[in-house]
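Student: With the sequence up front, the predicted model follows.
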Amino acid sequence: MGILNKLFGNTKKPEGFWGKLMVEGMNRGHAPLADWGMSFFGDTRPKSILDCGCGGGRNVAELLKRYPQAEVTGLDYSEVSVKKSQEVNADAVQNGRCRIVQGDVSALPFVDASFDLVSAFETVYFWPGPDRSFSEVFRVLRTGGVFMVVNEADGKNKADEKWTTIIDGMKIYGKEELERYLREAGFTRIETYRSEGKHWLTVRAVK
């Protein structure tokens, strides 16, 4: 297996040496996309936020900054990602504003109606289903809570198909598929945004 395959093979679940390199790269490379996606979060004022598939923890840090009154939980099923996220957000973890947990999005380890906002940056490509996972997000959101999905690929760029062959278990969803899964999970108000000149996609769904 070549170096690139070893590196990108760790996109789904970073592990070992190559996984550590991957989460470092995620923190840098995904920042512009994540910040663009956050611009559509609207005027919501969440007090409790869950970032599903938190990767290297950069977006957790940004959410803590944007919502200074909120507590932020990061969840990932990769031990490497959890450790990196804890390091990046060490001060917030220490002062009680942040917690990073290892877990599975298809069986979220939280009680019903725990969060006002759930975010998913560059991660639903790997979620089981994702019907079961979206139902879990719906369950842990409070009534009126917001679920934000931010993807770099919208399913309309043929060049993106190469990633599904390089990265095991990756599936790119288009706007219509995501909206269908969200409606089936129980979400009613769904809005979709695309970036001019790119294939970036943000979907905002309200419980």
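Tutor: Okay, I see it.
Student: element containing L117, please.
Tutor: L117 belongs to strand 115-121 when elements are defined using DSSP states H and E.
Student: Name every sheet partner of that strand and say whether each one runs parallel or antiparallel.
Tutor: Here strand 115-121 is paired, per DSSP bridges, with strand 48-52 (parallel), strand 141-151 (parallel).
Student: Mind exporting the C-alpha coordinates of the shortest one to PDB?
Tutor: Taking Å, rounded to 0.1, in the frame of the first residue of the first chain, the C-alpha atoms of strand 48-52 are listed here in PDB:
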ATOM      1  CA  SER A  48     -25.300  22.700  24.800                       C
ATOM      2  CA  ILE A  49     -23.600  21.600  21.500                       C
ATOM      3  CA  LEU A  50     -22.500  18.200  20.200                       C
ATOM      4  CA  ASP A  51     -20.000  17.900  17.400                       C
ATOM      5  CA  CYS A  52     -20.300  14.400  16.000                       C
END
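Student: Please spell out which residues along stretch 144-159 are buried.
Tutor: Within stretch 144-159, the residues scored as buried using 16 or more other Cβ atoms under 10 Å are 145-155. Glycine gets a C-beta too; all of them are placed from N, C-alpha and C.
Student: ok, back up a step: which element follows the strand holding L117 toward the C-terminus?
Tutor: Downstream of strand 115-121, the next assigned helix or strand under DSSP H and E is helix 131-140.
Student: Can you give the contact residues for that next one?
Tutor: With Cβ atoms under 8 Å, 6 or more residues apart in numbering as the contact definition, helix 131-140 has outside contacts at 50, 52, 105-108, 110-115, 118, 120, 124, 127, 147, 181-182, 184-187, 207.
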